[in-house]
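S.K.: I'll drop the sequence and a predicted model, then ask my questions.
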Amino acid sequence: MEGASLFVERTPVFSAVGRVLHLTRGSDAAHEMAMNDIIEHLEAVIFERRQGDPKQSYVAKLTHAGREKMAQKLGEEAVEAVIAAVCDEPEEMIGEAADIVFHLLVTLADMGISWNDVLVELARREGVSGIAEKAARTH
């Protein structure tokens, strides 16, 4: 994943404490970062690289290829996550989940939707039964 200089290893260990993540990488010291800081940083990198050279940037390449390609990649990553879940492969699932988030952010950026927009929707749904929320959308 482009711009992933935040992580040395592919699968860091995460333990959530409130809104803070402790990122542990082998023998490295634990790093603390607000969860949204990671997403906001990645979102900013994606926004910047959308305008880049498709030969130099994966984000620019996806942007140049269009939303259908972005959606295809998002779907491919989702299928890979399903396979990891069904095969009970936690390490694989962590990587696939990260890939889904990355490709979701690329697609959201293309649609002019921010991560904050998603968080606002999640906050709106807080405390509402998932069954009741889905029923309200289908009527």
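M.R.: Yep, that arrived.
S.K.: strands along this protein, start to end?
M.R.: 13-17, 20-24, 31-34 (DSSP state E).
S.K.: looking only at pLDDT, what's the mean for the shortest one?
M.R.: Average pLDDT, strand 31-34: 54.
S.K.: and stretch 118-131, by the same measure?
M.R.: For stretch 118-131, the per-residue pLDDT averages 85.
S.K.: can you pull the pLDDT of the closest residue to residue 39 other than its chain neighbours?
M.R.: Nearest-residue entry for residue 39: residue 115, 5.0 Å, with adjacent residues in sequence omitted and distances by CB to CB, 6 or more residues apart in numbering. (Each C-beta comes from the backbone N, C-alpha and C, glycine too.) Confidence at residue 115, expressed as pLDDT, is 92.
S.K.: how near is residue 115 to residue 98?
M.R.: The spacing between residue 115 and residue 98, counted by CB to CB, to the nearest Å, is 15 Å.
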